[in-house]
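Trainee: Build me a structure from this.
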Amino acid sequence: MEARTVITSAANPAVRNLCLLEERARERRKQGAFVTEGIRIFLDTPKEDILGVYVSESLAQKLSREPLPELEEKLNAHRAVVLSDAVFAKASDTDTPQGVLCLTKRPSWKTEDFFASGKSPLLLVLENLQDPGNLGTIFRTAEAAGVSGILLSKGTADVTSPKAVRATMSAIFRVKFCYTEDLGAELAAWKKRGIRLYAAHLDESIPYDAPDYRGGSAFLIGNEGNGLTEETTALADQKIRIPMEGKIESLNAAMSAGILLYEAYRQRRGGRA
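Mentor: A predicted model of the protein is given here:
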């Protein structure tokens, strides 16, 4: 990569801002930006969303010995700033930094964007999920299953947090999502559009593979420990459950989301309804 001056102070304003964005969801919302870490996700980041790039001194030196044309081209295009390894470690959120940090625009989708294709949408609603790893994994699975959009309650963890972003495996750039201050109002509006709401719930529910999900459908998944609130559950057209053997009372939220989404995906690919 092209030669750059090396930043050697963790007090540098740009470095301090990286740390601030990684630590505080409020700051990410305020600035409309977040930080990604790693080579693969940097290469996957849309160029128009990149606000700044930072590379460790050791990676810059390695590239001079072992060129990686695709990576170097993108680093040079965005005039990557070199940080000493000590400063990079300070700014990094991981124990074993890969050598690339990217300051990125926060996506700004609206729920109306979920319906842009004109097809029967497959939607996912997450209420008050707290584990960022679960949240990121759900985004990754949602992309694979062809989800049209993900609606998140205001009490759900921030998907632009470092751990959640890593777990998305770049799906955060490709899956439409937005947070809502009034989940009930959004779901009521969806019902008026003909979207059927299916609440993942253990009480008075039917097996998840019984309904027909080929029309506009939305799965509602609640908090890891408490499930969906009563208010949200009451809006559902149908409560569904995943049958389980043994003494297990419930599945991981990301696992549950994957099972439900892939049943809908199976049906939409021509499987039996």
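
Trainee: Next, residue 123: secondary structure please.
Mentor: strand (DSSP: H, G, I helix; E, B strand; the rest coil).

Trainee: where along the stretch 51-200 of the chain do the strands fall?
Mentor: Assigned by DSSP state E, counting those that start in this stretch, the strands in the stretch 51-200 of the chain fall at 81-83, 100-105, 122-126, 149-153, 177-180, 196-200.

Trainee: all helices for the stretch 1-150 of the chain, in order.
Mentor: 13-23, 25-31, 39-44, 57-65, 69-77, 85-91, 132-144 (DSSP state H, counting those that start in this stretch).

Trainee: go on, the stretch 151-273 of the chain?
Mentor: 162-168, 183-192, 230-234, 253-268.

Trainee: Go through the ones you listed and pick out the most buried.
Mentor: Sort these by mean neighbour count, taking mean count of other CB atoms under 10 Å, and helix 162-168 sits at the top with a mean of 22. C-beta: built from backbone N, CA, C; applies to glycine.

Trainee: re the thing from before, Serialize the helices of the stretch 1-150 of the chain to JSON lines and add fields for mean pLDDT and mean neighbour count.
Mentor: Listed next are those as JSON lines, based on pLDDT from 0 to 100; neighbours: other CB atoms under 10 Å:
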{"stretch": "helix 13-23", "mean pLDDT": "97", "mean neighbour count": "17"}
{"stretch": "helix 25-31", "mean pLDDT": "97", "mean neighbour count": "14"}
{"stretch": "helix 39-44", "mean pLDDT": "97", "mean neighbour count": "18"}
{"stretch": "helix 57-65", "mean pLDDT": "94", "mean neighbour count": "15"}
{"stretch": "helix 69-77", "mean pLDDT": "96", "mean neighbour count": "15"}
{"stretch": "helix 85-91", "mean pLDDT": "96", "mean neighbour count": "19"}
{"stretch": "helix 132-144", "mean pLDDT": "97", "mean neighbour count": "22"}
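
Trainee: Out of those, flag the one nearest residue 223.
Mentor: Residue 223 lies closest, by CB to CB, to one member of these: helix 132-144, at 10.4 Å.

Trainee: What number of residues are in the vicinity of residue 108?
Mentor: When neighbours are counted by other CB atoms under 10 Å, residue 108 registers 8.

Trainee: Next: the one 3 residues further on.
Mentor: Here the neighbour count serves as a burial measure; for residue 111 (other CB under 10 Å) it reads 16.

Trainee: my guess is it meets residue 180, correct?
Mentor: Yes - at 7.3 Å, residue 111 and residue 180 qualify as touching, with contact defined as CB atoms under 8 Å.

Trainee: Overlap of the contact sets of those two?
Mentor: Contact criterion CB atoms under 8 Å, 6 or more residues apart in numbering; residues bridging residue 111 and residue 180 by contacting each: 151, 186.

Trainee: Which residue ranges make up each domain of this protein?
Mentor: The record's domain parsing of the chain by automatic domain parsing lists 6-105, 111-268.
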